[in-house]
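Trainee: What follows is a protein structure lacking sequence information:
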């Protein structure tokens, strides 16, 4: 299920540009300022609150429609096909996600 989620995120990034997914998420309280010498690998995992906020964003019925409305011009003609595919891949509940066999 995690691989399917990652695949969905990859498709979203390809269609709408690098870091387009993170731009739609709530601000991350764990962000390290560029001047700080601490690497991201040293950061603790995201809090349950942040994880819950991410789940809420992806659970919104209109999230993917709004997301793909900002697709790159090169991918605009594909969004009607990509949106339903990605919707199955990024379902919040892992047991409800599209599997590799279903693709």
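Mentor: Here it is on my side, so go on. This structure is a prediction, so every number in the text was calculated from the model and none was measured.

Trainee: Helices of this structure, start to end?
Mentor: 2-16, 48-59, 63-68, 79-89 (DSSP state H).

Trainee: So which bits of the first one are buried?
Mentor: Of all the residues in helix 2-16, those buried under the rule 16 or more other Cβ atoms under 10 Å are 4, 5, 7, 8, 9, 11, 12, 14, 15, 16. In this view, the C-beta of every residue, glycine as well, is placed from N, C-alpha and C.

Trainee: residues contacting the nearest residue to residue 59 once chain neighbours are set aside?
Mentor: Taking Cβ to Cβ, 6 or more residues apart in numbering as the measure, residue 59 lies nearest to residue 92, with 5.0 Å between them; neighbours along the chain are not counted. Taking Cβ atoms under 8 Å, 6 or more residues apart in numbering as the definition of contact, the neighbours of residue 92 are 55, 58, 59.

Trainee: now swap in residue 55 and tell me
Mentor: Listed by Cβ under 8 Å, 6+ apart, the contact set of residue 55 reads residue 92.

Trainee: Read off the pLDDT value for it.
Mentor: pLDDT, residue 55: 89.

Trainee: where's it relative to residue 71, distance?
Mentor: With distances defined as Cβ to Cβ, to the nearest Å, the gap from residue 55 to residue 71 amounts to 23 Å.
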